[in-house]
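Asks: Sequence and computational prediction follow.
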Amino acid sequence: MAHRHLSILGGGLAGLALGFFAREHGFPFRIYEAHEQVGGNCRTFQRDEFRFDSGAHRFHDKDPAITEVVRRLLGDELKRVAVPSLIYHQGRFFDFPLSPLNLLRRLGLRDSWRAAREVIAARLQAQPTATDLETFALQTYGQTISQLFLLNYSQKLWGLECSKISPHATGRRLKGLTLGTFLLEAFAGWHAKTRHLDGEFLYPARGIGSIAQRLAESCGEANIRVRARITKLLHDGQRIQALEINGAERIAVDQVVSTLPLDVLIQSLEPSPPDDILALAAQLSFRKLVLVAFFLDTNQITNAGTVYFPAPEFLFTRIYEPKNRSAAMAPQGRTSLVAEIPCDQQSQVWQAADEELSATVLVHLRRLGWLQAARMLGSCVIRLHYAYPVLEKGIEAKVGKLEAFLGSFDNLTCCGRNARFQHASMHEVIRQGQEIILALEKSLWAPSNQP
């Protein structure tokens with residue numbers, strides 16, 4: 001009995017997870033990655049002795065079975081880290097996720113009382129289903145909290161007015177700010193601060209990219225082909241028949257799982273999809289991300305996992321200090337700061353020279369008072385093309401139509417945040433890969449009569 005061969009398009013976290021589980025179940029596969037390195041948005045960069053990730057990533061211990069998989073891969077390198085994050089607002093730092101008692105200390109009695117009344121009123125009133133992020137935020141958190149901490153930040157992150165963003169774009173950003181935590185902390189005090197405020201997560205000693213690296217090693221070098229950009233998916237209307245690699249080579253396929261961005265997958269189909277499907281795919285957009293890293297001759301700048309900056313006066317949305325996740329991310333006695341700047345293809349940020357971006361961010365950091373005692377050792381800029389799928393208002397219906405169209409191909413499946421155009425944490429992406437392989441094992445990997 002021979003299993004059908006699995007072609008995995010894309011070597012990011014989703015593609016590597018698929019390959020890992022395929023190999024565990026004894027299925028032949030090949031991963032095709034356009035770039036020289038696998039990992040996608042789950043990478044750790046190195047500049048001299050400094051290491052930093054492709055974003056302020058964490059691995060959340062939310063799925064015990066997937067956590068166990070990652071523990072098997074990393075062993076003792078996977079550490080439990082307790083580093084809370086902060087929000088910067090008008091010279092003050094607030095707990096993140098938000099804590100009612102911390103709000104009281106930072107906002108003052110009058111503003112905190114107003115915010116508490118708004119949250120409690122919002123939770124007690126029957127509200128119509130929100131169809132956009134602005135309405136959802138106001139209905140859930142009230143005017144004060146929404147304006148200070150959610151709406152401004154979301155507009156910077158997505159590049160859209162919040163009335164044009166899907167309510168699903170909030171994720172779990174303010175999940176701890178509930179009626180229950182208001183009442184609990186009001187009556188039980190600081191000792192009642194809920195577990196979500198501890199800032200606990202799992203993190204590899206040498207950076208988040210270690211997860212992708214170990215998955216790739218488990219897949220086997222022979223099963224991964226880099227510098228192999230998918231330029232066409234040739235089909236007969238019912239099945240994907242072949243891949244075109246780098247505009248030249250064609251490879252016949254049996255079963256295909258795509259982790260490519262959803263619009264890229266649609267546009268790669270040959271023959272081309274109907275005009276209405278192409279039009280829908282063209283309406284999808286992905287936020288780009290620019291990382292500006294500074295390497296500093298000082299021991300530490302902050303004690304936070306991540307510091308968020310909702311105010312529009314700051315170019316970046318958040319800054320993280322890699323050393324606070326793991327001491328191995330910087331040489332002894334030194335540290336680094338990494339600023340994240342979401343943007344679009346045509347924006348001045350994306351088009352700007354590296355030196356210009358570094359100088360602009362540096363001005364902000366000095367205004368914060370973070371660099372007075374730090375000697376600058378260097379900087380670098382990294383650009384990520386497909387950082388976040390932009391969940392515009394009404395996007396669910398558009399994605400649903402695209403998924404229904406792709407579902408007409410009986411040997412094609414999509415996996416991962418960009419392929420499914422959804423927000424998903426790392427453990428959720430790895431779980432998707434496992435579930436797809438198990439489903440294929442159950443329904444498709446039948447004995448083959450073919451040689």
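Replies: Good, I have the coordinates.
Asks: Could you use CA atoms for every contact and neighbour count after this?
Replies: Will do.
Asks: So if we follow the domain assignment, how does this protein break up?
Replies: Following automatic domain parsing, one gets these domains for the chain: 6-82+206-281+393-443, 85-194, 286-389.
Asks: I'd say Gly39 and Ala17 touch.
Replies: No: using Cα atoms under 8 Å, Gly39 makes no contact with Ala17, being 10.5 Å away.
Asks: picking that back up, mean neighbour count for the domains of the chain - can I get that in TSV?
Replies: Conversion of the domains of the chain to TSV gives the following (neighbours: other Cα atoms under 10 Å):
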stretch	mean neighbour count
domain 6-82+206-281+393-443	19
domain 85-194	17
domain 286-389	18
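Asks: among those, which gets the worst mean confidence?
Replies: Out of the domains of the chain, domain 85-194 stands lowest, with a mean of 77 (criterion: mean pLDDT).
Asks: ok now that one, how far from the chain's centre?
Replies: 22 Å (Cα atoms, centre = their mean, to the nearest Å).
Asks: Then stretch 300-311?
Replies: Distance of stretch 300-311 from its chain centroid, counting by Cα atoms, centre = their mean, is 18 Å.
Asks: And for stretch 283-302?
Replies: On the basis of Cα atoms, centre = their mean, stretch 283-302 sits 14 Å off its chain's mean C-alpha point.
Asks: With just CA atoms, put it into CSV.
Replies: What follows is stretch 283-302, C-alpha atoms only, in CSV (Å, rounded to 0.1, in the frame of the first residue of the first chain):
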residue,chain,number,x,y,z
GLN,A,283,-10.2,43.1,-1.9
LEU,A,284,-8.2,41.2,0.7
SER,A,285,-5.3,43.1,2.2
PHE,A,286,-2.4,42.3,4.5
ARG,A,287,-0.7,44.6,6.8
LYS,A,288,3.1,44.9,6.4
LEU,A,289,5.4,45.2,9.4
VAL,A,290,8.7,47.1,9.8
LEU,A,291,10.9,46.1,12.7
VAL,A,292,13.5,48.7,13.8
ALA,A,293,16.0,47.1,16.3
PHE,A,294,18.5,49.0,18.4
PHE,A,295,21.5,47.3,20.1
LEU,A,296,22.6,49.0,23.3
ASP,A,297,25.5,49.0,25.7
THR,A,298,23.5,49.0,28.9
ASN,A,299,22.1,46.2,31.0
GLN,A,300,18.3,46.8,30.7
ILE,A,301,15.9,49.5,29.6
THR,A,302,12.5,48.2,30.7
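Asks: one step back: determine which of the domains of the chain approaches Glu200 most closely.
Replies: Among those, domain 6-82+206-281+393-443 comes nearest to Glu200, with 4.2 Å by Cα to Cα.
Asks: first to last residue in that closest one, what's the distance?
Replies: End-to-end span of domain 6-82+206-281+393-443 (Cα to Cα, to the nearest Å): 14 Å.
Asks: now it, how far from the chain's geometric center?
Replies: Worked out by Cα atoms, centre = their mean, domain 6-82+206-281+393-443 lies 14 Å from the chain centre.
Asks: Quick check: closest non-adjacent residue to Phe20.
Replies: The shortest distance from Phe20 to any non-neighbouring residue, by Cα to Cα, 6 or more residues apart in numbering, is to Cys219 (5.2 Å).
Asks: contacting residues around that neighbour?
Replies: By Cα atoms under 8 Å, 6 or more residues apart in numbering, the residues touching Cys219 are 16, 19-20, 23.
Asks: which two in those are spaced the farthest apart?
Replies: Within the contacts of Cys219, two members stand farthest from each other by Cα to Cα: Leu16 and Arg23, at 10.5 Å.
Asks: sorry, back to before: which one of the contacts of Cys219 is nearest Trp158?
Replies: For the contacts of Cys219, the closest approach to Trp158 (Cα to Cα) belongs to Leu16, at 27.4 Å.
Asks: What is the host helix or strand of that closest one packed up against?
Replies: Assigned by DSSP states H and E, Leu16 belongs to helix 13-24. The elements that helix 13-24 packs onto, with contact taken as 3 or more Cα pairs under 8 Å, 6 or more residues apart in numbering; DSSP states H and E, are strand 6-9, strand 29-32, helix 209-219, helix 426-443.
Asks: Which of the ones you listed sits closest to Leu278?
Replies: Nearest of the helices and strands packed on helix 13-24 (Cα to Cα): strand 6-9, 20.0 Å.
Asks: Sheet-wise, list the partners of the closest one with their directions.
Replies: strand 29-32 (parallel), strand 255-258 (parallel) (DSSP bridges).
Asks: JSON lines please, covering those strands and showing distance to Ser425.
Replies: Output for these, formatted as JSON lines (distance: least, Cα to Cα, whole Å):
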{"stretch": "strand 29-32", "distance to Ser425": "22"}
{"stretch": "strand 255-258", "distance to Ser425": "18"}
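Asks: Contacts for the longest strand along the chain next, please.
Replies: Counting residues, the longest strand in the chain under DSSP state E turns out to be strand 375-389. The contact list for strand 375-389 (Cα under 8 Å, 6+ apart) reads 41, 54, 261, 284-298, 350, 354, 358, 417-418, 421-423.
Asks: so how far is the first residue of stretch 201-219 from its last?
Replies: Distance between the two ends of stretch 201-219: 26 Å, counting by Cα to Cα.
Asks: and if you look at stretch 345-359?
Replies: 21 Å.
Asks: same thing with stretch 278-288?
Replies: Span of stretch 278-288 from end to end, Cα to Cα: 22 Å.
Asks: what's the answer for stretch 70-78, then?
Replies: 8 Å.
Asks: ok, Ile341 touching Val290?
Replies: Yes: using Cα under 8 Å, Ile341 is in contact with Val290, at 5.0 Å.
Asks: shared neighbours, those two?
Replies: Common neighbours of Ile341 and Val290 (Cα under 8 Å, 6+ apart) are Val349.
Asks: mind listing the strands for the stretch 1-150 of the chain?
Replies: 6-9, 29-32, 44-47, 50-53, 78-82, 85-89, 92-96 (DSSP state E, counting those that start in this stretch).
Asks: got those as TSV, with distance to Ala126 columns?
Replies: Formatted as TSV, the strands of the stretch 1-150 of the chain follow (distance: least, Cα to Cα, whole Å):
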stretch	distance to Ala126
strand 6-9	46
strand 29-32	49
strand 44-47	46
strand 50-53	43
strand 78-82	37
strand 85-89	30
strand 92-96	27
